[in-house]
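Participant: Could you work out the structure for the sequence below:
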Amino acid sequence: MRNLDHNTITDAVLARQAAAADPRFTRIMTSLVTHLHAFAREVQLTEEEWFKGIEFLTRCGHITDDKRQEFILLSDVLGLSMLTVAMNNDKPAGCTEATVFGPFHVEGAPHYELGGDIANGARGIPCLVRGTVRGIGGESVPGAHLDVWQSDEDGLYDVQHADIDHAQARGILHADSEGAYHFRSILAVPYAIPHDGPVGDLLKAAGRHPWRPAHLHFMVKAEGYETLITHVFRSNDPYLDSDAVFGVRQSLVADWALQPDGSYIVEYDLVLNPTTSKPTMPLRDGALD
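Facilitator: Sure thing, here's the model as predicted:
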């Protein structure tokens with residue numbers, strides 16, 4: 001097809017990819033091209049603006065490595081990561097809500113007995129974490145597998161410290177025969193996502209901050225139930241209503257209670273959804289959380 005103009009090029013692109021063998025690919029790419037072209041027309045995109053956009057994406061690629069994923073970070077701050085999580089984890093009322101995974105989960109974290117100290121030397125104020133794991137029907141989930149991790153008092157995860165060669169503030173435990181769990185860790189604190197690259201520049205241009213509210217990560221698995229990936233957020237955190245990656249849900253906010261000895265206690269019950277024919281897994285996000 002020749003002599004295309006701005007009114008006909010969209011249909012030409014769609015026709016060119018119509019022979020794709022995968023119908024899901026066709027559906028996604030048809031919608032992407034349609035909306036992308038409509039966006040350019042709506043904002044009357046200039047060539048200079050288009051090139052700046054290409055430069056931005058190129059910078060995202062250059063800064064991405066095995067420790068940092070700038071494109072997922074971009075997805076996070078645009079709300080796309082959390083939108084995808086929400087669409088794919090629409091659970092019955094009463095189930096613990098899912099949120100973004102985060103890039104700092106580590107396979108093969110150390111195993112602890114209930115009551116163990118997963119901080120393992122991480123800097124921070126001592127904190128006891130306890131609760132139960134149960135199903136939506138109220139039944140206890142004995143032996144539930146809990147993978148937990150968090151940052152230290154500097155807002156950094158163990159893998160971000162060049163001088164730390166062992167796991168800190170992360171571990172795997174199993175609920176007891178009644179579905180109860182408890183372990184020791186450190187007080188969760190707010191921290192900033194990486195903002196020294198192109199996504200940081202985007203946040204500045206939008207007049208936004210890079211901060212995430214204090215939280216503790218959970219990944220909970222149990223036979224007969226959907227895997228749950230979530231956070232528990234610390235109440236009264238100044239960033240609960242402006243989380244840089246839009247991950248906060250009111251049902252995930254809990255009180256960290258100060259104790260007479262200066263330590264803290266947080267209690268949170270995790271409610272799982274029975275397994276369905278459509279297993280889901282929240283997106284990993286690129287924010288350092």
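Participant: Do me a favour and get the end-to-end distance for stretch 149-158?
Facilitator: Using C-alpha to C-alpha, to the nearest Å, the end-to-end distance of stretch 149-158 comes to 10 Å.
Participant: try stretch 206-221
Facilitator: One end of stretch 206-221 to the other measures 38 Å (C-alpha to C-alpha).
Participant: what is the mean pLDDT for that stretch?
Facilitator: Mean per-residue pLDDT for stretch 206-221: 97.
Participant: Strands of the stretch 51-200 of the chain, start to end?
Facilitator: Assigned by DSSP state E, counting those that start in this stretch, the stretch 51-200 of the chain shows strands spanning 126-135, 145-149, 170-174, 180-186, 191-192.
Participant: chain center to the fourth one, what's the gap?
Facilitator: Averaged C-alpha coordinates place strand 180-186 at 22 Å from its chain's average position (C-alpha atoms, centre = their mean, to the nearest Å).
Participant: Also compute the angle for that strand relative to strand 145-149, please.
Facilitator: If you take axes from the mean of the first three to the mean of the last three C-alpha atoms, to 10 degrees, strand 180-186 sits at 20 degrees to strand 145-149.
Participant: Does anything pack onto strand 180-186? Which helices or strands?
Facilitator: strand 126-135, strand 145-149, strand 170-174 (3 or more C-beta pairs under 8 Å, 6 or more residues apart in numbering; DSSP states H and E). Just so you know, the C-beta spots here come from the backbone N, C-alpha and C atoms, and that holds for glycine as well.
Participant: again with the longest one
Facilitator: If you count contacts as 3+ C-beta pairs under 8 Å, 6+ apart, strand 126-135 packs onto strand 180-186, strand 264-267, strand 270-272.
Participant: Please work out which residues outside it touch it.
Facilitator: With contact meaning C-beta atoms under 8 Å, 6 or more residues apart in numbering, strand 126-135 is reached by 119, 140-141, 144, 146, 148, 175, 178-188, 216, 220, 222, 225, 256, 262-274.
Participant: ok, now the shortest one?
Facilitator: Under the criterion C-beta under 8 Å, 6+ apart, residues 151, 154-156, 209-212, 244, 288-289 lie in contact with strand 191-192.
Participant: can you put those in JSON lines and add neighbour count?
Facilitator: Below are those laid out as JSON lines (neighbours: other C-beta atoms under 10 Å):
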{"residue": "S151", "neighbour count": "28"}
{"residue": "D154", "neighbour count": "13"}
{"residue": "G155", "neighbour count": "18"}
{"residue": "L156", "neighbour count": "18"}
{"residue": "H209", "neighbour count": "14"}
{"residue": "P210", "neighbour count": "21"}
{"residue": "W211", "neighbour count": "17"}
{"residue": "R212", "neighbour count": "29"}
{"residue": "A244", "neighbour count": "22"}
{"residue": "L288", "neighbour count": "22"}
{"residue": "D289", "neighbour count": "27"}
